[in-house]
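Asker: no FASTA, just this:
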């Protein structure tokens, strides 16, 4: 988690609306090797679903392919 008080990170990731100074809701999941594994940017009027974010993290941690409705504990595709 990152609090971007200076808006520098938002500007660098091009999610800052310069005219209002408002940053869109960007989520970037970067693995321990520094590789971007997942990104989503929500407009300011769309809420985020924390359960979906946790589902994606758990799916990434399996190291395997998972279907779109996969939940932790279910079988993977390979």
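Answerer: Nice, I can see it. From a predicted model like this one, the values you see are computed outputs, not experimental measurements.

Asker: quick one, domains of this protein?
Answerer: Segmentation of the chain into domains, based on automatic domain parsing, reads 1-46, 48-78.

Asker: avg pLDDT for stretch 63-75?
Answerer: On average, the pLDDT along stretch 63-75 is 94.

Asker: return the set of buried residues in that stretch.
Answerer: Within stretch 63-75, the residues that count as buried by 16 or more other Cβ atoms under 10 Å are 66, 70. For the C-beta atoms, the positions are set from N, CA and C on the backbone; glycine is no exception.

Asker: outside of that stretch, which residues touch it?
Answerer: Residues outside stretch 63-75 that contact it (Cβ atoms under 8 Å, 6 or more residues apart in numbering) are 55, 58-59, 76-78.

Asker: ok now it, how far from the chain's centre?
Answerer: Centroid separation between stretch 63-75 and its chain, computed with Cα atoms, centre = their mean, to the nearest Å, is 17 Å.

Asker: which stretch in the domains of the chain has the least confidence?
Answerer: When these are compared by mean pLDDT, domain 1-46 comes last with a mean of 89.
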